[in-house]
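**Q** Based on what follows, work out the 3D shape:
(one chain, ligands or ions: 1)
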Amino acid sequence: MRLVTNIAVGAWTLGVALTLPGAAAAADAPETPTFTKDIAPIFQDKCEACHRPDSMAPMSLMTFAEARPWARSIKARVADRQMPPWQIDRTVGIQKFKNDRSLTDEQLDTIVKWVDAGAPQGDPKDMPAAKHWPDDQGWNFAPMFGQKEPDLIIKSYDFTMPKVSQDAWDKRVTPSGITEPRWVRAIEIRPETLPGRKITHHAIAYLEQTEPGAPASTGLPAPFMEWAVGKQGEMMRPDTGKLLLPGSKFHWDIHYSQAGEEITSKVEMGIYFYPKGQEPKFRTSLSLVPAALGTMDIRPNTLSIAEGFTVLREAARIESFQPHMHLRGKAMMVEAILPSGQKQVISLVSDFNFNWMTTYVYADDAAPLLPKGTILKVTAWHDNTVAKKSNPDPNQWVGWGDRTVDEMAHAWINIVYMKDEDFKIEQDKRKATATATTLQQ
Ligand code: HEC
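**A** Sure thing, here's the model as predicted:
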């Protein structure tokens, strides 16, 4: 038991330790940054995935001429961490993710200083070579598995976004068509065409399947894969997979935004299987972990809070976290209450934004290992006041429901349950890497 607590704490201590170099480095930002020397490398790294021609952000930030007119707006969006979209609170919880697209404190500081200095261009000779962005429509993972294409390609339906339109959601259903259980090792989603990238804001494929002997479900299919601009795909951790069963269906939730021209597109999801007969040791499945489910009572012009408690009946590794709320969602926190009584914040999203449905995927050496009997506590805050920009009407009472004007309050958490002996092995491995990392510093 003592070991269990130590390891869990070890993982968190590691997370905390890692935020320190970033904070210290903030002081190291160059005094008078220039675009060519200091800013362009940051934009290539953290912005161009979305801010380049033929992608979905409103403007390209690849050259000085393109970026300069946006300097003020860039400072505003970057300084309050609205851009790049990444809502994880940096002061608490785990800070090591596989898909972190946020700016380091030093990068943020450099951008702010650059704008404050009048956003100078600098010496054109300092400009780094343009970053190569794939303009073809290839599949990212296929070459890694020595394949031309994924093993299974699931398509949504043609959707036409008019030249001028409010945002729209496509929520149709595609059957998987598989006839025997298969273990999934990687998934990727892409808009079917290049113009399609301009209108596809994000796409989530929810999986509906009946588990043999499973209790009646909540009626909500669980997310199978989430995609937003800039994301490559999702590769399972070693010896870990998702199980796809015959009769399964994918419910799409594709968010389209207008692009100033009429575009028809759909999305394609590529699925890679483990070879037949090769069964991974661990199964990852997405769980709906509620702060509230079925009922909510959010009064007009108030802030409200909801809390839910879920006991882990087996030891577990927490793979990822995605807060799910609607237009009035303000913040969500996931905590672990260990059998020892010790409480630890796993993650806090303190500035929830309904437009960015991000799944935060913990790094291999940071994914929390939690002993059997741990309680996951999910807290959700809703802001039904004028302070919440996306709130359509703070004078309305709001209850739990499906429409975006209703509310929800749950976390989607990818969980790998494991036997106690496997848990011990995973803990020992973690302890070994934690020691190695500490020694290197
Ligand atoms: C994951 C995609 C993505 C990434 C990465 C991203 N942006 Fe954005 N950005 C968007 C989208 C989409 C919008 C338009 C919607 C909105 O305003 O939120 C936007 C809007 C903006 C705006 C506001 C433009 C306006 O109309 O005033 C600024 C400024 C901005 N981004 C700067 C940046 C900078 C600087 C970076 C990198 C440090 C960055 N963004 C990274 C997708 C992204």
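**Q** how near is the residue nearest the centre of the chain to the ligand?
**A** For the chain, the residue sitting closest to the mean C-alpha position, by CA atoms, centre = their mean, is T359 at 2.3 Å. Using CB to the nearest ligand atom, to the nearest Å, one gets 13 Å for the distance from T359 to the ligand. C-beta: built from backbone N, CA, C; applies to glycine.
**Q** What sits closest to that residue if chain neighbours are left out?
**A** Distances taken as CB to CB, 6 or more residues apart in numbering place Q322 nearest to T359, at 4.3 Å, with adjacent residues excluded.
**Q** For that neighbour, list the residues it contacts.
**A** Shown in contact with Q322 (CB atoms under 8 Å, 6 or more residues apart in numbering): 223, 226, 357-360, 411-413.
**Q** Nearest to the ligand among these?
**A** T358 (8.8 Å; CB to the nearest ligand atom).
**Q** For the stretch 301-441 of the chain, which residue gets nearest to the ligand?
**A** Per CB to the nearest ligand atom, N355 is where the stretch 301-441 of the chain lies closest to the ligand, at 6.4 Å.
**Q** ok so the residue nearest to T359 is a strand residue?
**A** Yes - inclusion of Q322 in a strand is indicated when DSSP: H, G, I helix; E, B strand; the rest coil is applied.
**Q** what does the model give it for pLDDT?
**A** Q322 carries a pLDDT score of 90 in this model.
**Q** and the nearest residue to V78 once chain neighbours are set aside, what helix or strand is that in?
**A** Taking CB to CB, 6+ apart, and ignoring the residues beside it in sequence, V78 has I111 as its nearest neighbour in space, at 5.0 Å. In the assignment (DSSP states H and E), I111 maps to helix 105-116.
**Q** Other residues contacting that helix?
**A** Applying CB under 8 Å, 6+ apart, the set of residues contacting helix 105-116 from outside is 22-23, 25-26, 28-35, 38-39, 42, 46, 71-72, 74-75, 78-79, 81, 103, 120.
**Q** Contacts for the helix or strand just after it, please.
**A** Where DSSP H and E defines the elements, the next helix or strand beyond helix 105-116 is strand 152-155. Applying CB under 8 Å, 6+ apart, the external contacts of strand 152-155 come out as 174, 176-178, 192, 205, 250, 266-271, 273.
**Q** change it to 10 Å
**A** By CB atoms under 10 Å, 6 or more residues apart in numbering, the residues outside strand 152-155 that reach it are 139, 174-178, 182, 184, 187, 189, 192, 205, 224-225, 244, 249-250, 252, 266-273.
**Q** Which ones among the residues you listed lie within strands?
**A** Secondary-structure check on the contacts of strand 152-155 using DSSP state E: residues within strands are 174-175, 182, 184, 187, 189, 205, 224-225, 244, 249-250, 252, 267-273.
**Q** Pull out the buried residues from these.
**A** Neighbour counting with 16 or more other CB atoms under 10 Å marks 174, 182, 184, 187, 189, 205, 224-225, 244, 249-250, 252, 267-273 as buried within those.
**Q** Distance of the residue nearest to Y157 when sequence neighbours are not counted relative to the ligand?
**A** The spatially closest residue to Y157, leaving aside those adjacent along the chain, is R172, at 5.3 Å (CB to CB, 6+ apart). Taking CB to the nearest ligand atom as the measure, R172 and the ligand are separated by 24 Å.
**Q** Pretty sure R172 sits against A205.
**A** No - counting by CB atoms under 10 Å, no contact exists between R172 and A205, whose distance comes to 11.3 Å.
**Q** tell me, what's touching the two both at once?
**A** Common contact partners of R172 and A205 (CB under 10 Å, 6+ apart): 156, 250-254.
**Q** Identify each buried residue in stretch 365-384, please.
**A** By neighbour count on 16+ other CB under 10 Å, the buried set for stretch 365-384 is 366-372, 374, 376-384.
**Q** what does the protein have sitting close to the ligand?
**A** By CB under 6 Å from any ligand atom, the part of the chain that sits against the ligand consists of 46-47, 49-51, 56-58, 70, 73-74, 77-78, 83-85, 101, 103, 228-230.
**Q** now the residue of the stretch 301-441 of the chain closest to the ligand, what's its secondary structure?
**A** Using three-state DSSP, the three-state assignment for N355 comes out as coil.
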